[in-house]
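Student: sharing a sequence plus its predicted fold:
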Amino acid sequence: MEPETILIAGFSGRALAQSARRAGFAPLVVDGFGDEDMRAAATASEILPGLFTHGFSAGSLIAALDRLVSAAHVPPVGLVLGAGFEGLPGLVERLSDRYRILGCSAHTIRKSKDPMALAALLGERGIAHPETRLDLPDDVGGWLSKRIGGTGGTHILPARPRAGAGRYLQREIAGVPVSALGILGAADCAFAFSRQWTAPGGRQPYRYGGATGSLELDADLEARMIEIGLDVSRELSLVGLVSLDFLVTPDGAPVLLEINPRPGATLDVFDDHAGTLFKAHVTATRGTGTLDEHFAAWAPPVARAVAYFYADRGELLVPAVTWPEWVLDRPPLGRCIPRHHPVATVAADGSDTRQAEALCRERLGTLERMLYEDMTGKETQS
C-alpha cells in the first residue's frame with residue numbers, strides 16, 4: 001500500500017520530514033536550508049534560498065508547493081506548517097484556499113501572535129504574563145523589544161528610546177525558561193516540558209540555543225501549566241502540536257510569555273522512533289480519531305538535549321568532514337554560511353536532563369573544532 005503524501009513548509013523542514021517519514025508518510029518539503037538530512041527524509045523537496053533571512057514570499061512558496069503536488073503520485077492529504085508563518089496569517093489564509101492546512105488556522109495564528117490581543121485575553125483569564133505595550137515608556141530600562149510574529153529569539157533586544165515598526169515591548173522578568181509542548185485534540189491532549197537556554201551571538205542576546213527534556217516539575221507547577229495550556233487552547237482554538245513558552249519565577253509561579261501555534265523545535269526532544277508526535281498531529285488536525293492510541297505507544301527518550309550550532313567564529317565554508325551521528329541538519333559540502341547563522345543541530349541523550357545537556361554542550365564544542373579547523377589543526381581565518 002502506497003504511503004500517504006503530505007506537504008511540509010517551514011524555515012527548516014528536516015525535523016518534521018523525519019518525523020513524518022517515521023510515521024509512515026511520504027513528505028514533500030519546502031524549506032530554506034536544503035540540508036542533507038531533510039533531503040534524505042523527503043520524498044521530494046524544493047529549496048527557497050534566502051528564506052531564513054528574508055522570510056516567505058507567497059509567490060515563490062505557492063509555486064514550489066504546486067510543483068511538488070503536480071509531481072506527486074498521489075494527492076497530498078494536507079499541508080503542515082513549521083516555523084516562519086507566525087507573522088503571516090494572510091499567507092496562511094491564501095494557502096488554506098489551495099491546500100488543507102493540518103494545523104492551526106490563520107485566525108488562530110492571528111489571535112495567538114497579536115501581542116496586545118493575547119495580553120488582553122490572558123488578563124481576562126487571570127493568567128500571569130509580562131506587562132505588554134506598543135508605545136515606549138518614559139524609561140525603557142527593564143523592557144524588551146520584540147518583533148510581532150518573531151521566532152527563535154533573534155528578534156528580541158533590550159528596548160531603546162526609539163521603537164521600530166512592527167515591534168512591541170514586554171517587561172523583562174527574571175525566571176527559568178520552560179517550554180510546554182502540547183498535543184491538542186478535540187477530546188484529549190498531552191503535554192511535555194523542556195528547559196530552554198539562549199546562545200547569545202552578535203547583536204542577538206536572546207537567540208535560541210537549545211532545550212532539554214523531559215523535565216520533572218513540581219506537581220503543583222506542572223498542573224498549573226497544563227491548566228493554562230488547556231485554557232488558552234480553548235480560547236484560541238489551538239490544535240495539534242503547539243508550544244507555550246513560560247518563565248518560572250523565583251517563587252515558583254509560571255508566567256506565560258508567548259504561544260507558538262505550530263510544531264516547535266522541541267519536536268526533536270520528544271519524538272520517538274515511530275514518529276508518534278507527527279501521527280498525533282495529523283490525527284488531531286484531520287479530526288479522524290482520538291489521540292489515545294498514539295499516547296499509549298509514545299516512547300520519548302528518557303532525557304534528550306538538542307541545540308543549534310551557529311557560525312559564530314566567522315563565515316563558514318562547509319568543509320569535507322565525516323559527520324558524527326549526533327549531528328542533524330548537516331549542510332552540504334561547500335555551502336557558505338554567514339557569520340552568526342545556524343549551521344547544524346546537535347543532539348544528545350542521557351540518563352537525566354543534566355547529563356543530556358552537558359553532553360550536548362560538549363558536542364557543540366567538538367563540532368566547532370571540526371568545522372573551524374583545517375587539516376593542519378590551525379584555525380581558519382575569517
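Tutor: Good, I have the coordinates. Here the structure is a predicted model, which is why all the values come from computation and not from measurement.
Student: please enumerate the strands of the stretch 1-150 of the chain.
Tutor: 5-9, 26-31, 44-47, 79-81, 132-133, 143-147 (DSSP state E, counting those that start in this stretch).
Student: what strands line up against the fifth one, and which way round?
Tutor: I take that to be strand 132-133. strand 167-171 (antiparallel) (DSSP bridges).
Student: tell me what angle the strand it pairs with forms with strand 143-147.
Tutor: Put simply, strand 167-171 runs at 150 degrees to strand 143-147, going by axes from the mean of the first three to the mean of the last three Cα atoms, to 10 degrees.
Student: contacting residues for the closest residue to Val69 other than its chain neighbours?
Tutor: Once flanking residues are discounted, Val69 sits nearest to Pro76: 6.2 Å by Cβ to Cβ, 6 or more residues apart in numbering. Yep, even glycine has a C-beta here, placed from its N, CA and C like the rest. Going by Cβ atoms under 8 Å, 6 or more residues apart in numbering, Pro76 touches 4-7, 28, 68-69, 99.
Student: relative to Ser70, how far out is Pro76?
Tutor: 11 Å (Cβ to Cβ, to the nearest Å).
Student: which helix in this protein runs the most residues?
Tutor: Secondary structure of the chain per DSSP state H: the longest helix is helix 353-372.
Student: quick one: low-confidence ranges for the stretch 1-150 of the chain?
Tutor: Scanning the stretch 1-150 of the chain for pLDDT under 70 picks out no residues.
Student: can you give me the helices in the stretch 251-382 of the chain?
Tutor: Remark: helices assigned in the stretch 251-382 of the chain by DSSP state H, counting those that start in this stretch are 267-270, 276-286, 292-297, 353-372.
Student: now mean pLDDT and distance to Arg14 too, for those helices, in JSON lines please.
Tutor: Putting these into JSON lines (pLDDT from 0 to 100; distance: least, Cβ to Cβ, whole Å) gives the following:
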{"stretch": "helix 267-270", "mean pLDDT": "97", "distance to Arg14": "9"}
{"stretch": "helix 276-286", "mean pLDDT": "95", "distance to Arg14": "13"}
{"stretch": "helix 292-297", "mean pLDDT": "80", "distance to Arg14": "22"}
{"stretch": "helix 353-372", "mean pLDDT": "97", "distance to Arg14": "16"}
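Student: closest to Asp139 out of the ones you listed?
Tutor: With respect to Asp139, and counting by Cβ to Cβ, the nearest of the helices of the stretch 251-382 of the chain is helix 353-372 at 36.3 Å.
Student: about what we covered before: in CSV: the strands of the stretch 1-150 of the chain, plus distance to Asp37 and mean neighbour count.
Tutor: As requested, these are exported to CSV (distance: least, Cβ to Cβ, whole Å; neighbours: other Cβ atoms under 10 Å):
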stretch, distance to Asp37, mean neighbour count
strand 5-9, 13, 26
strand 26-31, 11, 26
strand 44-47, 11, 18
strand 79-81, 17, 26
strand 132-133, 37, 16
strand 143-147, 29, 19
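Student: in a markdown table: the ones you listed, plus distance to Gly229.
Tutor: Formatted as a markdown table, the strands of the stretch 1-150 of the chain follow (distance: least, Cβ to Cβ, whole Å):
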| stretch | distance to Gly229 |
| --- | --- |
| strand 5-9 | 24 |
| strand 26-31 | 28 |
| strand 44-47 | 33 |
| strand 79-81 | 20 |
| strand 132-133 | 19 |
| strand 143-147 | 21 |
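Student: what's the pLDDT at Asp374?
Tutor: For Asp374, the model assigns a pLDDT of 52.
Student: I should have written Glu379 there, sorry.
Tutor: Turning to Glu379, the model gives it a pLDDT of 46.
Student: next, the contact list for Ser273, please.
Tutor: Check again: residue 273 is His, not Ser. 22, 299.
Student: switch the cut-off to 10 Å
Tutor: Residues near His273 by Cβ atoms under 10 Å, 6 or more residues apart in numbering: 22, 299, 301.
Student: how near is Arg330 to Asp312?
Tutor: According to Cβ to Cβ, Arg330 stands 18 Å off from Asp312.
Student: and what of Gly287?
Tutor: Distance from Gly287 to Asp312, by Cβ to Cβ: 44 Å.
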